[in-house]
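*Asks:* below is the structure, and that's it, no one-letter string:
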């Protein structure tokens, strides 16, 4: 039988990671949990995020997950070690894979300096400095920038294709403010790393704003690199897959109708048969 | 001894109601709970909001509250009846007092038509149509408009005095989009009712945007009318107060430092000695 891979996020953003997992590791059994009753994690304290992440992770383990993907930057940044200690299965986060992707994109600065990377993330992820540490270990110099308004703008659909021009203009203006502030505090950024799994939905708007500001540097996310890390971990544990078809189960802690509706935008294909669960609280 | 009045909200907005309670009913003992670990309520389902509101309310009752103020429009709109059934103490919400304030502001349309009122609120409050029902009973015709981006903008401080001009401009642009859409769907609005306890912090920006759009109608909130309803309920139950000084206790379910920092802006005076509690989940 194919391995069961648990994937969790505070809400919908982790579906951008599931999308890459389905592409790179087809034929597995995926169980996805969006902890939508308690979202967002990104504005909350470490203690609260650890508590929420542990209960989400335990649900997936009890549901048969043989490997867990923390498809949420905030939960990875604040709780990865707690999860790895508490669970008997491998737990893979998105921060180190994101740094790996940034390393590829930055190349070598060539002058003995560490290449700079601009990390956009939630307030909680920035406050944890998880990316600064991960990048430092990889020989990169991270500048971390909190962008708290991007998640609500994305969830409202104000930055997506098809939304009205005046709404896209609000998103562009917010991006200009965040990116100008971030670029002022770093002189040598060679790439922008999306340190929140929501942000890939604004990739083209971010690329356009960078161009307008005279810094047309590549924009990368951790989804593909995370899926590659999962594939390596599966191979190392001889968890082979022999199914032809993927199988996805979806769970949410709040409205399943909203999860299906919003989730489809993040996954890029229909999210169906979402089941409601109660993690207490 | 003075009565103990419990006040709860998903976060900070309820402090705008506490501010009016302190003005209109000085010398009482207030216990405020901000359920910050699970905020926001306004984007979540009725089932989840009822569950969260019940656990918040029970905490305050166990903490000695003799009267409970649901200082949150979403919790009032979705859970007031559940709270009134579950608790042995009086529970006062903010929706009916807000409608009462709107009635005063609207006066009589004079032509036999019901005066119109434009209600700005969270998605969950709008979906509940609690204001439409409350206004209908009061002889008003409500147009309900969801404004999901206002709470994050307020929590980021992008609309407050002292924030940078380009940030205020983002808030103004968002308000123009929401208010223009709302005014297009109603021809006879005689007042704007702030149906979310966060929104009073944007009152002047909302007034300015209404003027720019050619609709300089009054902007009202439910805080004062709610405090008046509480004063009436106390008098009806002979819960008299004999202390000279107010006493306030603050509880939060997430970071107490953040609660003290953000809360001070909403209360208009320092929020101190916040205690962390765990409501489970």
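*Replies:* Yep, it's here. Just so it is clear, the model here is predicted, and its values are computed rather than measured. Numbering: from 1, shown residues only, chains lettered A, B, ... in the order given.

*Asks:* contacting residues for the residue of the stretch 101-250 of chain A found nearest chain B?
*Replies:* Nearest to chain B in the stretch 101-250 of chain A, going by CB to the nearest CB, is residue A:152, at a distance of 4.2 Å. (Each C-beta comes from the backbone N, C-alpha and C, glycine too.) With contact taken as CB atoms under 8 Å, 6 or more residues apart in numbering or on different chains, residue A:152 is in contact with B:148, B:149, B:152.

*Asks:* for the first one, give its distance to residue B:212.
*Replies:* As judged by CB to CB, to the nearest Å, residue B:148 and residue B:212 stand 22 Å apart.

*Asks:* what's the answer for the last one, then?
*Replies:* In this structure, residue B:152 and residue B:212 are 23 Å apart, going by CB to CB.

*Asks:* what does residue A:268 give?
*Replies:* In terms of CB to CB, residue A:268 sits 39 Å off from residue B:212.

*Asks:* buried sites along stretch A:100-115?
*Replies:* By 16 or more other CB atoms under 10 Å in any protein chain shown, the buried positions in stretch A:100-115 come out as A:100, A:101, A:102, A:103, A:105, A:106, A:114, A:115.

*Asks:* ok, back up a step: neighbour count for residue B:148 and residue B:212, which is higher?
*Replies:* Using other CB atoms under 10 Å in any protein chain shown as the criterion, residue B:148 and residue B:212 rank with residue B:148 on top: 21 against 14.

*Asks:* hmm, residue B:44 and that one touching each other?
*Replies:* No: using CB atoms under 8 Å, residue B:148 is not in contact with residue B:44, being 11.8 Å away.

*Asks:* burial of residue A:240, as a residue count?
*Replies:* With neighbours defined by other CB under 10 Å, the count for residue A:240 comes to 11.

*Asks:* what about it, is that helix, strand or coil?
*Replies:* Three-state call for residue A:240 (DSSP: H, G, I helix; E, B strand; the rest coil): coil.

*Asks:* who's in contact with it?
*Replies:* Contacts of residue A:240 by CB under 8 Å, 6+ apart are A:3, A:234.

*Asks:* what helices and strands are in contact with the strand or helix carrying residue A:231?
*Replies:* Assigned by DSSP states H and E, residue A:231 falls within helix A:223-236. Under the contact criterion of 3 or more CB pairs under 8 Å, 6 or more residues apart in numbering or on different chains; DSSP states H and E, helix A:223-236 touches helix A:15-24, strand A:67-70, strand A:91-92, helix A:95-106.

*Asks:* who's in contact with the longest one?
*Replies:* It refers to helix A:95-106. A:73, A:76-77, A:80, A:115-117, A:130-131, A:134-135, A:137-140, A:190-191, A:193-195, A:218, A:220-222, A:224-226, A:228-229.

*Asks:* among the buried residues of stretch A:100-115, which one lies nearest to residue B:124?
*Replies:* residue A:101 (37.3 Å; CB to CB).

*Asks:* got the residue ranges for the helices in chain A?
*Replies:* A:15-24, A:46-62, A:73-86, A:95-106, A:123-128, A:130-137, A:150-155, A:165-184, A:203-212, A:223-236, A:256-267 (DSSP state H).

*Asks:* so what secondary structure elements neighbour the first one?
*Replies:* Secondary-structure packing of helix A:15-24 (3+ CB pairs under 8 Å, 6+ apart): strand A:4-9, strand A:29-34, helix A:223-236, helix A:256-267.

*Asks:* turn the ones you listed into TSV, columns for mean neighbour count and mean pLDDT.
*Replies:* As requested, the helices and strands packed on helix A:15-24 are exported to TSV (neighbours: other CB atoms under 10 Å in any protein chain shown; pLDDT from 0 to 100):
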stretch	mean neighbour count	mean pLDDT
strand A:4-9	26	97
strand A:29-34	24	97
helix A:223-236	18	95
helix A:256-267	19	94
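
*Asks:* adding distance to residue B:86, write the ones you listed out as CSV.
*Replies:* Rendered in CSV, the data for those read as follows (distance: least, CB to CB, whole Å):
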stretch, distance to residue B:86
strand A:4-9, 32
strand A:29-34, 29
helix A:223-236, 44
helix A:256-267, 25
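
*Asks:* contacting residues around the most centrally placed residue in chain A?
*Replies:* Chain A has residue A:197 as the residue nearest its centroid, 2.7 Å off, counting by CA atoms, centre = their mean. Residue A:197 is in contact with A:9, A:13, A:14, A:16, A:17, A:71, A:72, A:73, A:94, A:221, A:222, A:223, counting by CB under 8 Å, 6+ apart.

*Asks:* just give the closest residue to the residue in the stretch 1-150 of chain A that chain B sits nearest to, not the sequence neighbours.
*Replies:* The nearest approach of the stretch 1-150 of chain A to chain B comes at residue A:45, 3.9 Å away (CB to the nearest CB). Distance criterion CB to CB, 6 or more residues apart in numbering or on different chains; nearest residue to residue A:45, sequence neighbours excluded, is residue B:255 at 3.9 Å.

*Asks:* what is the burial count for the one you found?
*Replies:* 21.

*Asks:* so who does it touch?
*Replies:* A:44, A:45, A:48, B:36, B:276.

*Asks:* of those, which belong to strands?
*Replies:* The strands, defined by DSSP state E, take in residue B:276 from the contacts of residue B:255.

*Asks:* make a ChimeraX selection of the buried ones in the contacts of residue B:255.
*Replies:* In ChimeraX syntax, the buried subset of the contacts of residue B:255 is picked out as below (16+ other CB under 10 Å):
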select /A:44,45,48 /B:36,276
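
*Asks:* of the contacts of residue B:255, closest to residue A:163?
*Replies:* Distances from residue A:163 to the contacts of residue B:255, taken by CB to CB, are shortest for residue A:44, at 27.9 Å.

*Asks:* that closest one against residue A:123, yeah?
*Replies:* No: contact criterion CB under 8 Å: residue A:44 and residue A:123 do not qualify, at 9.1 Å.

*Asks:* write out the residues of chain A neighbouring chain B.
*Replies:* A:36-38, A:43-45, A:48, A:55, A:148-149, A:152-153, A:155-156, A:158, A:166-167, A:169-170, A:173-174, A:176-177, A:253-255, A:258, A:279-281 (CB under 8 Å from any CB of the partner chain).

*Asks:* could you check the pLDDT of residue A:109?
*Replies:* At residue A:109, the predicted lDDT confidence score is 62.

*Asks:* can you check the pLDDT for the closest residue in space to residue A:49 that isn't next to it in sequence?
*Replies:* With sequence-adjacent residues excluded and distances taken as CB to CB, 6+ apart, residue A:49 is closest to residue A:78, at 4.5 Å. Per-residue pLDDT puts residue A:78 at 98.

*Asks:* what sits against residue A:78?
*Replies:* Residue A:78 touches A:41, A:46, A:49, A:50, A:53, A:124, A:125, A:128, A:130, counting by CB under 8 Å, 6+ apart.

*Asks:* include neighbour count and pLDDT when you put these into CSV, please.
*Replies:* Below are the contacts of residue A:78 laid out as CSV (neighbours: other CB under 10 Å; pLDDT from 0 to 100):
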residue, neighbour count, pLDDT
A:41, 27, 96
A:46, 16, 96
A:49, 27, 97
A:50, 18, 97
A:53, 27, 98
A:124, 25, 97
A:125, 27, 98
A:128, 22, 97
A:130, 27, 98
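
*Asks:* ok, these vs residue A:263, which is closest?
*Replies:* Nearest member of the contacts of residue A:78 to residue A:263, counting by CB to CB, is residue A:41, at 16.9 Å.

*Asks:* low-confidence regions, the stretch 151-281 of chain A specifically.
*Replies:* Scanning the stretch 151-281 of chain A for pLDDT under 70 picks out the ranges A:241-243, A:281.

*Asks:* ok, and the closest non-adjacent residue to residue A:272?
*Replies:* Closest to residue A:272 by CB to CB, 6+ apart is residue A:260, at 6.6 Å.
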